[in-house]
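[1] Sharing a sequence plus its predicted fold:
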Amino acid sequence: MSLSDIQQETIEPFDALVLEQHAKMLAMPALMKQGFTQLKDALQDQELSASGFPFTVYLDLDWAALNQAGALKNLLQMVFKRWHYQLGFPVDGAKEQGVLKTASFAGGPALTAVHTGSYAMVGASYKELNRWAEDQGLTLAQQSFEFYLNDPKETPTDQLKTRLVLPLA
């Protein structure tokens, strides 16, 4: 696992087709696979192409609590906490379709970096980014984005690249 290209930048606003979910960490991989397939099918049905990489936005994050949690609490959260998130594809002109909704994400200042390696290890990159933000005196908003830069079906696990975007408050 590695984390590179930590920087502060301004993110452009974008529109997306999203699927909102609440799930425990251990259930997420299967739900995400199913959800991204559902989103891809909807884009194909609407004859639209994504204008960017697939993403997950985690909502309602309490960075202070997550950073102060010890190993046992983190383990318990992985098993019992229900995370609130949306899967999506950036796209203009999508129509809502059943549980799939359109969403607009505001741009603005954010902390960004690229995580290379297993999705299961992205938590360590978040901790490093949080330390970096704290050292710089930055306050993080209560959400984070993960943009998946390559396809896990075609890319070895140790070469997966995830762009982390943590909006600033």
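    Thanks, I have it.
[2] From here on, just use CA atoms for contacts and neighbour counts.
    Fine.
[3] looking at the sheet around residue 97, what are its partners?
    Bridge pairing for residue 97 (DSSP bridges) gives the partners residue 100.
[4] now the helices: where do they sit in the protein?
    28-45, 63-68, 71-80, 122-135 (DSSP state H).
[5] any chance of those helices in CSV, plus mean pLDDT, distance to residue 90 and mean neighbour count?
    CSV is the format used below for these (pLDDT from 0 to 100; distance: least, Cα to Cα, whole Å; neighbours: other Cα atoms under 10 Å):
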stretch, mean pLDDT, distance to residue 90, mean neighbour count
helix 28-45, 95, 11, 15
helix 63-68, 69, 26, 12
helix 71-80, 68, 28, 12
helix 122-135, 89, 22, 16
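[6] Now distance to residue 18 too, for these, in JSON lines please.
    Shown next, in JSON lines, are the helices of the chain (distance: least, Cα to Cα, whole Å):
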{"stretch": "helix 28-45", "distance to residue 18": "7"}
{"stretch": "helix 63-68", "distance to residue 18": "24"}
{"stretch": "helix 71-80", "distance to residue 18": "23"}
{"stretch": "helix 122-135", "distance to residue 18": "22"}
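[7] between those helices, which gets nearest to residue 103?
    Residue 103 lies closest to helix 28-45 among those, at 13.2 Å (Cα to Cα).
[8] how about the nearest residue to the residue most central in space within the chain, chain neighbours excluded?
    What sits nearest the mean C-alpha location of the chain, by Cα atoms, centre = their mean, is residue 146, with 2.8 Å. Distances taken as Cα to Cα, 6 or more residues apart in numbering place residue 164 nearest to residue 146, at 4.8 Å, with adjacent residues excluded.
[9] Kindly report the same for residue 43.
    Looking at residue 43 with Cα to Cα, 6+ apart, the closest residue is residue 49, at 6.5 Å.
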